[in-house]
Each structure stands twice: as C-alpha cells, then as structure tokens.
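Novice: Next come a sequence and a model predicted from it.
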Protein chains: 2
Amino acid sequence: MSIQPLPAFEPPYVMSVFTSVRTADDTGYPETLARMIEIVRENPGFLGYESARTPGGLGITVAYFRDHESLAEWRQELEHQAAQKEGRATWYESYTLHVATVERSHGFVRNG
Amino acid sequence: MSIQPLPAFEPPYVMSVFTSVRTADDTGYPETLARMIEIVRENPGFLGYESARTPGGLGITVAYFRDHESLAEWRQELEHQAAQKEGRATWYESYTLHVATVERSHGFVRNG
C-alpha cells in the first residue's frame, strides 16, 4: 500500500489546518487520537484527514469537511472538547488552528 | 531555537495547502526550493509558510498570503511555473493543492 495525498474534493468545502509542536509527554495520546478518528468518521460531513510530522519538529494535520455546519458539530462534540483540553494540559507545546473555505483545488498523480 | 507553528494571522487571509509524496529523485530539489523561498519572500502579500514531512511518507506545506491577488502573483511567477513543471517531471509522485480563505484562527502556546 503506497501513501497518497487525499484527492481534491469538489469545492466549496471546509478545511481545518492544525499546526503543532508536541511535548515529550505521550500519555494517553495514541488512545485518544484513535478515539477521535472513530468519532469524527461518524460525522456525515467529514471528508477525510491527513497528517505529517517532521521528527522532533512541526506536525500538520488537515481535516476536510463538506460545510461549516459539519465542522461545527465536530467542534462541539463533548469527547472532542475534553481531548482538546487534555491536549493543552499535556500533549502540545504550542499549536495554531486555521479554519478556511476551499475555493479551488486540483491534484496530480504520476502516470495517473 | 525551538520550532514553533506560525501564529494565527488576522482573518481573512488566504492559505494554500500542498500535500505531496516525493519520488526518490532529489536532483535540483534543494536548490530550487531555496530559490522559490527567496522569490516568494519578495511578494508583499506573503505572510509565511511552514512544512512537515513524515519520513518516507506524506509532506504537507502550508503557505499564507494576505489576499488572493498576492497568491495569484505567486502562481503566475515564471520561475515558479518552471519549478512546478519540474516538480511534475521529477520530484513528485503525487500531490494535491487546496486554495482557501481563512475565516477563523487561533493559537495556543504553553505558558504563553
């Protein structure tokens, strides 16, 4: 299985970009991440997410939603809010969140 | 010097998200990247960029611009267009570009 970027979706859609630097404390992180992915996939407007992290450096996670209503539901989800709080207390040194509407997108695949 | 995510800018601003998987061919890539950064910094509407790559996996680069006009200038820049062409020929297995207007953003810094 080879890794691929998610394809371009049909605009307009909503994109949240979460850039972060982690602390050294991983306590509970993998389990919470797995649970968050499980919950967000139940959201009918969730289109997908992808993530990259330079070892010891910056992480970027991009999540895609059909519309702002779907993202708002995710934002207000109670387990997600608890996880955000735990993130500030334990897992993140710093982060920034950018919420945007995508107006244009395209993709390229070699020999595709 | 510790790595930090770029801070939230004052909305609205424009964000391009470039997700990619590289080929094994690095020929000319570092030089071209350095030159592209040099050029884009001359754009008065360029706010900054940040990048993360999981080793052997997905890379995500986010660039921030004040407005769509600034991004359009960058998109039409001739050396940049040549670099994009070289990217498809040599450096990228696949990529997706999402261009969006940021409506909301915020940041967190531990003890900040």
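Specialist: Okay, I see it.

Novice: For the residue lying closest to residue A:46 once chain neighbours are set aside, give me the backbone phi and psi.
Specialist: When the adjacent residues along the chain are set aside, residue A:46 lies closest to residue A:40, with 5.2 Å between them (CB to CB, 6 or more residues apart in numbering or on different chains). Yep, even glycine has a C-beta here, placed from its N, CA and C like the rest. Comment: the main-chain dihedrals of residue A:40 come out as phi -70, psi -30, following degrees, to the nearest 10.

Novice: Just give me the neighbour total for residue A:40.
Specialist: When counting by other CB atoms under 10 Å in any protein chain shown, one arrives at 18 neighbours for residue A:40.

Novice: So what are the sheet partners of the strand ranked longest in chain A and their directions?
Specialist: For chain A, the strand with the greatest residue count under DSSP state E is strand A:92-109. Take DSSP bridges as the rule and strand A:92-109 pairs in its sheet with strand A:13-22 (antiparallel), strand B:92-109 (antiparallel).

Novice: Please compute how far it lies from its chain's middle.
Specialist: For strand A:92-109, the separation from the chain centroid amounts to 9 Å (computed by CA atoms, centre = their mean, to the nearest Å).

Novice: could I get that strand in PDB with only the CA atoms?
Specialist: This file holds the C-alpha atoms of strand A:92-109, laid out as PDB (Å, rounded to 0.1, in the frame of the first residue of the first chain):
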ATOM      1  CA  TYR A  92       1.000  20.200  23.000                       C
ATOM      2  CA  GLU A  93       3.800  22.700  23.500                       C
ATOM      3  CA  SER A  94       2.000  25.100  21.000                       C
ATOM      4  CA  TYR A  95      -0.500  24.900  18.200                       C
ATOM      5  CA  THR A  96      -2.300  27.100  15.700                       C
ATOM      6  CA  LEU A  97      -5.700  26.300  14.100                       C
ATOM      7  CA  HIS A  98      -6.700  27.800  10.800                       C
ATOM      8  CA  VAL A  99     -10.300  27.300   9.600                       C
ATOM      9  CA  ALA A 100     -11.000  28.000   5.900                       C
ATOM     10  CA  THR A 101     -13.300  27.600   3.000                       C
ATOM     11  CA  VAL A 102     -11.600  25.900   0.000                       C
ATOM     12  CA  GLU A 103     -12.500  27.600  -3.300                       C
ATOM     13  CA  ARG A 104     -10.100  25.800  -5.700                       C
ATOM     14  CA  SER A 105      -8.200  22.600  -5.700                       C
ATOM     15  CA  HIS A 106      -6.500  20.200  -8.100                       C
ATOM     16  CA  GLY A 107      -4.300  17.100  -8.000                       C
ATOM     17  CA  PHE A 108      -1.500  15.400  -9.800                       C
ATOM     18  CA  VAL A 109      -0.700  11.700  -9.900                       C
END
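
Novice: Tell me which residues of that strand come out buried.
Specialist: For strand A:92-109, a neighbour-count test (16 or more other CB atoms under 10 Å in any protein chain shown) marks A:92-102, A:105, A:107-108 as buried.

Novice: possible to save those as JSON lines with pLDDT?
Specialist: Formatted as JSON lines, the entries for those read as follows, by pLDDT from 0 to 100:
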{"residue": "A:92", "pLDDT": "98"}
{"residue": "A:93", "pLDDT": "97"}
{"residue": "A:94", "pLDDT": "97"}
{"residue": "A:95", "pLDDT": "98"}
{"residue": "A:96", "pLDDT": "98"}
{"residue": "A:97", "pLDDT": "98"}
{"residue": "A:98", "pLDDT": "98"}
{"residue": "A:99", "pLDDT": "98"}
{"residue": "A:100", "pLDDT": "98"}
{"residue": "A:101", "pLDDT": "98"}
{"residue": "A:102", "pLDDT": "98"}
{"residue": "A:105", "pLDDT": "98"}
{"residue": "A:107", "pLDDT": "97"}
{"residue": "A:108", "pLDDT": "97"}
